[in-house]
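Asker: Have a look at this fold, sequence not included:
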């Protein structure tokens with residue numbers, strides 16, 4: 001019988017708590033899983049330069065999925081198993097669209113990131129203060145993006161924009177929708193732009209093909225819109241307790257939030273376990289009586305009003321499975337989760 005042997009975890013809002021730390025319990029669970037021979041890796045929108053400070057604590061971690069899936073790296077050799085840059089013509093069009101917008105741009109070139117000097121100290125203005133300390137530590141601050149792109153435009157793996165004005169974000173999003181690119185949002189008024197076909201889910205599929213691993217043997221943990229593809233692609237999608245409605249709808253189960261060791265809970269509960277058969281999944285779904293918080297989740301998914309208050313930490317619990325005999329259409333929005 002096949003088992004779950006590989007777990008991916010998004011970083012911000014998932015394996016990292018709200019203070020951008022990996023808690024001792026979560027770090028311990030990762031170390032134990034690696035020692036037991038399972039694969040654990042980060043699947044993040046960040047680049048390698050941003051992840052390095054955390055990787056030093058996990059020397060036995062073998063792989064990294066970064067740039068929202070545009071790059072898959074073998075950490076043992078330092079070689080990229082794949083890298084999918086954005087077409088230079090598309091980069092120029094994106095910059096033309098955002099030229100008049102009040103937005104800070106972050107350029108992911110190769111495995112490094114670059115930001116124009118004029119945005120230094122202004123991250124709170126653009127609503128991305130949560131990344132300010134990280135950027136100060138990891139980014140290359142440059143005086144002129146044109147000179148930078150003239151040299152590196154063929155290796156732009158991701159563009160990250162943070163808009164001050166929501167209306168400008170909406171306007172640019174409508175244009176991006178018509179262009180040959182992928183985009184997602186990690187935080188409000190943000191776009192993470194990658195090449196067509198790039199997603200965390202596709203990155204996981206590529207890694208599984210490289211390893212000769214059945215993707216049904218994988219677990220993915222996430223909390224945001226840019227995690228939806230990998231939550232759907234993995235054998236088991238795990239939404240954090242702080243997950244958005246979009247991420248929650250794509251997942252199979254929900255665990256505690258990022259401040260209460262949800263990733264550790266997922267590792268301890270599922271990694272190494274036998275994969276249930278389809279008949280076992282249906283039996284579990286039908287025998288799960290929706291009461292208390294579970295009933296609230298179903299009410300929210302159907303657009304009804306919850307009857308009990310939100311809790312910061314939740315036990316592992318099944319959600320309506322994608323394509324299962326208990327699945328239901330999503331007609332409302334998830335709030336407060």
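Answerer: Structure's in. What do you need? All values reported here derive from a predicted model rather than from experimental measurement.
Asker: residue ranges with poor pLDDT in the stretch 201-337 of the chain?
Answerer: Within the stretch 201-337 of the chain, the stretches with pLDDT under 70 are 278-337.
Asker: What segments of it are helices?
Answerer: Along the stretch 201-337 of the chain, the segments classed as helices by DSSP state H, counting those that start in this stretch run 228-233, 245-250, 262-270, 278-286, 292-301.
Asker: Show me which residues of the second one are buried.
Answerer: To tie it back to what came earlier, the one meant is helix 245-250. By neighbour count with 16 or more other C-beta atoms under 10 Å, helix 245-250 contains the buried residues 245-250. C-beta: built from backbone N, CA, C; applies to glycine.
Asker: helices or strands up against that helix?
Answerer: Judged by 3 or more C-beta pairs under 8 Å, 6 or more residues apart in numbering; DSSP states H and E, helix 245-250 is in contact with helix 228-233, strand 236-239.
Asker: chain center to that helix: distance?
Answerer: How far helix 245-250 lies from its chain's middle: 12 Å, per C-alpha atoms, centre = their mean, to the nearest Å.
Asker: And stretch 102-114, by the same measure?
Answerer: Relative to its parent chain, stretch 102-114 has a centroid offset of 18 Å by C-alpha atoms, centre = their mean.
Asker: Find the nearest non-adjacent residue to residue 30, please.
Answerer: Spatial nearest neighbour of residue 30, excluding adjacent residues (C-beta to C-beta, 6 or more residues apart in numbering): residue 40 at 5.2 Å.
Asker: Quick one: neighbours of that neighbour, just the number.
Answerer: Other residues near residue 40 come to 24 when the count uses other C-beta atoms under 10 Å.
Asker: Residue 260: neighbour count?
Answerer: Look at residue 260: counted by other C-beta under 10 Å, it has 20 neighbours.
Asker: repeat for residue 32
Answerer: Per other C-beta under 10 Å, the neighbour tally for residue 32 reads 15.
Asker: Could you do the one 5 residues further on as well?
Answerer: Neighbourhood size, residue 37 [other C-beta under 10 Å]: 8.
Asker: returning to that earlier point: quick check, the residue nearest to residue 30 in contact with residue 31.
Answerer: No: counting by C-beta atoms under 8 Å, residue 31 is not a contact partner of residue 40; they are 9.1 Å apart.
Asker: Give me the common contacts of these two.
Answerer: residue 58 (C-beta atoms under 8 Å, 6 or more residues apart in numbering).
Asker: pretty sure residue 49 contacts residue 114?
Answerer: No: with contact defined as C-beta under 8 Å, residue 49 does not count as touching residue 114 (10.0 Å).
Asker: Spit out the residues that contact those two alike.
Answerer: Common neighbours of residue 49 and residue 114 (criterion: C-beta under 8 Å, 6+ apart): residue 139.
Asker: Give the burial count for residue 237, as a bare number.
Answerer: As a burial measure, residue 237 scores 28 neighbours (other C-beta under 10 Å).
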